[in-house]
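Chemist: Have a look at this prediction, sequence included:
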Amino acid sequence: MNPLFDEKQRFTQWWLYAGIVPVLVLEVVTLSKEAQVWYDWWPLLLSIAIFSLFLLVSMRTVITDEVITVYYFPLLLKPKTFLWADIDKAYVRQYSPISEYGGWGIKGMGSKYGKAYNVKGNQGLQLELKNGQKLLIGTQRMQELDQILQQHFKQYLNN
């Protein structure tokens, strides 16, 4: 089945890398002067691993007539799938990543706002499930997503 919506996002915030790259450079300079044995290099290796993780992480949202699927590579081993039949309301909205969910990523376990899958920005698809759970899926294409909801899923907009 062809998707109605397919969006892939990555961590591309300049400030994120501006914080990591200087640490890597400082560690390389310090270690090149002071490292005596191989295990002195573990802080650098850890920083490289964290930096690499940010480069690798991607979130993809696919919406079809039947489901919404969220892929969050490599943090989710299996994609999260939400059936439209299990959704009570769906709408796009602006949100506060920090105050509502504690930042970006896979967030909000136990939060009154529910769970969030986001990578950047402050716009998302808010889902209210029939079982009472809430879920927010971040998007950089809010207007396009709103149009798709208006055209294909109007019954979920104002229950």
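Modeler: Noted; the coordinates are in hand. Residues are numbered from 1 along each chain as shown.
Chemist: worst-scoring helix or strand of the protein, pLDDT-wise?
Modeler: Here the helix or strand of the chain ranked lowest by mean pLDDT, DSSP states H and E is helix 14-34, holding a mean of 66.
Chemist: Mind checking what helix or strand follows that one in sequence?
Modeler: Next helix or strand after helix 14-34 toward the C-terminus (DSSP states H and E): helix 42-56.
Chemist: Adjacent strands (with direction) for the very next helix or strand once past that next one?
Modeler: Where DSSP H and E defines the elements, the next helix or strand beyond helix 42-56 is strand 58-63. Sheet pairing for strand 58-63, assigned by DSSP bridges, gives strand 5-10 (antiparallel), strand 67-73 (antiparallel).
Chemist: Can you say which of the ones you listed is packed in most?
Modeler: Most buried of the strands paired with strand 58-63 by mean neighbour count (mean count of other Cβ atoms under 10 Å) is strand 67-73; its value is a mean of 18. Every residue, glycine included, has its C-beta placed from N, CA and C.
Chemist: How about the contacts made by the spatially most central residue of the chain?
Modeler: Nearest residue to the geometric centre of the chain (Cα atoms, centre = their mean): N118, 2.6 Å. N118 is in contact with M59, P97, Y101, W104, G105, K107, G124, L136, I137, G138, counting by Cβ atoms under 8 Å, 6 or more residues apart in numbering.
Chemist: And the fifth one, its phi and psi?
Modeler: By that I understand G105. When read as degrees, to the nearest 10, the backbone of G105 gives phi 130, psi -150.
Chemist: Distance of it relative to Y117?
Modeler: Counting by Cβ to Cβ, to the nearest Å, the gap from G105 to Y117 is 8 Å.
Chemist: Those two: which has the busier surroundings?
Modeler: Y117 (25 against 18; other Cβ atoms under 10 Å).
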